[in-house]
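[1] curious how this folds, go ahead:
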Amino acid sequence: MPVADTMIRIFLECAATHRRPDQFMRRTANGWEAISAERALADVESLALALRELGVERGDRVALLAENRYEWAVTDLAVLGLGAVTVPIYPTLTARQTRDLLENCEARVLVVSTPAQIEKSRTAASGLAFVRALVAMDPPPQAAAGERSFASMLERGAVLRAADPGAFTQSAAAVSPDDLATIIYTSGTTGEPKGAMLTHGNIASNVEAALRVLHYEATDRHLSFLPLCHIFERMAGFYAILACGAGIAYAQNIESVGADAMEVRPTIMSAVPRFFEKVHARVMAAAAARPPLARAIFAWGLAQGLARARAHYARRRLSPLTAFMLPLADRLVMSKIRARMGGRLRFCVSGSAPLSPAVMEFFYAIGIPIIEGYGLTETSPVITLNPAGREKPGTVGSPIPGVEVKIGEQGEILTRGPHVMRGYYRNEAATREALRDGWFHTGDIGHLDEDGYLVITDRLKDLLVLAGGKKVAPQPLEKRLKTSPWVADAVLLGDRRPYVTCLIVPDFAALEAEAKARGWTSATRRVLLDRPDVRALYQADVDRMNADLAPFEQVKRFALLDRELSQEAGELTPTLKVKRKVVVESLAPAIEELYAGHRVPAVA
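    This is a model prediction of the structure:
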């Protein structure tokens, strides 16, 4: 489908063409509120004109520090309509981290959400002369000098709009595909955050190409909970939704997604693999805790769904017996699982990291296909997608229209096309390193299979170089371990060490349910993990993984952590990717125990 060449024109065409009464939905104290496209357009115009009165001009940066909500969308579109630049900042960042980003981009205005974020922003922006104003979505009891409420900005903007009705339209029309639209700071798994500069043309081209594979429809409703600060949700769950005229409902928070889904009944959701892994684990744990007859029915029904999934992925016909039993299996088992997610999901989109084939198979089995893709902040973001009906688990699909992919030295994935960023903001050295010979160097390692589907194997900078010189790619092994029902996360270690070890984060819900079923009593989580029979569960998983590995790749020792890795500790990025370097530092005592008696070679 043809898509407008700037994000603001995508929104304006959506509002003019579809006129949805529920273009946006949000949860209030009185239930779900539907916000029409007409009202949203008025709010966008009003905020834009009020921002312009504050001095925001073309090319100026406006920082946006907020959770997913309607005001986030309005702010982004208002900024883009002025020809200014949105700089999204993750709400989970500290005041110090926020200040670093503000100093780098020199934001003119800072738009924030809650009183807690306002307080943090005051600290972050203190003494920064270039920050002219702070706009608060949820105003605190007492505003400081230079602070305004979101509501007052809309009120002032409405007055300005009435005085000059065509002002915003004229401004939006002047925005060009080559104009800088946003600076998005990378999550920093391999180093300090860098500000990727994406133009309107970068993202608009990606929207059009992705929609030729994803097949969103105007009747769809998307439940948005993956951070809009992340380009994946912003493109696939915001601009692409608007481009096809679908609606967006904002989840209250990540913990409320299940309840929100049952109420708004979405047809599309996008998420990172960890979300799908957690859903899978919870479903299996809940089934395991049910009485024997219910467990048997669940196992039988799921087996029929899995048979359907495997036949689909193998491109072969389903056996007549399974085809005959599937309607009953669906009614008894799969439909009940779907109902817990609203009952209307057509498919989900997964990105940000490779998805376990077992999890992808499970979701297809219950009737919710997952379209897995691959991309980076710097590529707007989508590079490849698994086409619906021709998915290949274990791959991230083939290049979307207009995007080129090739494999460079050391197996590095390279890409070029209209989706590739302009460069890193105020960082010429990093730009030269990433953009070479006309190609963007992703830093990921992979290969194209015989059908042209991309398989990602690791990150160049994540390779573990053992003390003996052997190289081990940790991500494929971590992914294999995470297929276990007992494993929530796994981090392989061994760089400059004599052998490979692993930190394992248990899936505590599944483990505790199993412990209860087997009568394993324990006073604390740590006591439970130290039980020999619990250690044996995890040792069996490690042994299965080790069975077909070369001796130097095998995990020799492992530690069970009694807590999850967290963003607060800096161990996870906002999109739940593990920061290996931070984990090594924060869990140094546990790691040293795994290598007790072995000397760490000095760095040359």
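[2] the longest helix along the chain packs against which elements?
    Across the chain, the longest stretch assigned as helix under DSSP state H is helix 292-313. Contact partners of helix 292-313 among helices and strands, from 3 or more Cβ pairs under 8 Å, 6 or more residues apart in numbering; DSSP states H and E: helix 273-288, helix 320-329, helix 357-365. To be clear about C-beta, it is placed using only N, CA and C from the backbone, and glycine gets the same treatment.
[3] so what's the closest residue to Gly301 other than its chain neighbours up against?
    In space, and not counting its chain neighbours, Gly301 is closest to Val333: 2.8 Å by Cβ to Cβ, 6 or more residues apart in numbering. Shown in contact with Val333 (Cβ atoms under 8 Å, 6 or more residues apart in numbering): Ile297, Phe298, Trp300, Gly301, Leu302, Gly305, Ile366.
[4] any chance of a markdown table for those, columns neighbour count?
    Output for these, formatted as a markdown table (neighbours: other Cβ atoms under 10 Å):
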| residue | neighbour count |
| --- | --- |
| Ile297 | 15 |
| Phe298 | 22 |
| Trp300 | 14 |
| Gly301 | 25 |
| Leu302 | 20 |
| Gly305 | 23 |
| Ile366 | 24 |
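[5] return the closest of the residues you listed with respect to Arg344.
    Ile366 (13.6 Å; Cβ to Cβ).
[6] quick check: the closest one touching Ala329?
    No: counting by Cβ atoms under 8 Å, Ile366 stays clear of Ala329, with 10.2 Å between them.
[7] residues shared between the contacts of these two?
    With Cβ under 8 Å, 6+ apart as the test, Ile366 and Ala329 both reach Leu302, Gly305.
[8] how about the contacts made by Ile254?
    Applying Cβ under 8 Å, 6+ apart, we find Ile254 in contact with Phe225.
[9] same for the longest strand seen in the chain, what does it pack against?
    Criterion DSSP state E: the longest strand present in the chain is strand 439-448. If you count contacts as 3+ Cβ pairs under 8 Å, 6+ apart, strand 439-448 packs onto strand 404-407, strand 412-416, helix 428-434, strand 454-459.
[10] picking up where we left off before, alpha carbons of the longest helix of the chain, as PDB, please.
    Coordinates of each C-alpha in helix 292-313 appear next as PDB, following Å, rounded to 0.1, in the frame of the first residue of the first chain:
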ATOM      1  CA  PRO A 292      -4.400 -34.900  36.600                       C
ATOM      2  CA  LEU A 293      -7.400 -35.100  34.200                       C
ATOM      3  CA  ALA A 294      -7.100 -31.400  33.300                       C
ATOM      4  CA  ARG A 295      -3.400 -31.800  32.700                       C
ATOM      5  CA  ALA A 296      -4.000 -34.800  30.400                       C
ATOM      6  CA  ILE A 297      -6.600 -32.800  28.400                       C
ATOM      7  CA  PHE A 298      -4.200 -29.900  28.100                       C
ATOM      8  CA  ALA A 299      -1.300 -32.100  27.000                       C
ATOM      9  CA  TRP A 300      -3.500 -33.900  24.400                       C
ATOM     10  CA  GLY A 301      -4.900 -30.600  23.000                       C
ATOM     11  CA  LEU A 302      -1.600 -28.900  22.800                       C
ATOM     12  CA  ALA A 303      -0.100 -31.900  21.100                       C
ATOM     13  CA  GLN A 304      -2.700 -31.500  18.300                       C
ATOM     14  CA  GLY A 305      -1.800 -27.900  18.000                       C
ATOM     15  CA  LEU A 306       1.900 -28.600  17.900                       C
ATOM     16  CA  ALA A 307       1.400 -31.200  15.200                       C
ATOM     17  CA  ARG A 308      -0.400 -28.500  13.100                       C
ATOM     18  CA  ALA A 309       2.500 -26.100  13.700                       C
ATOM     19  CA  ARG A 310       5.100 -28.600  12.700                       C
ATOM     20  CA  ALA A 311       3.300 -29.500   9.600                       C
ATOM     21  CA  HIS A 312       2.900 -25.800   8.700                       C
ATOM     22  CA  TYR A 313       6.600 -25.000   9.200                       C
END
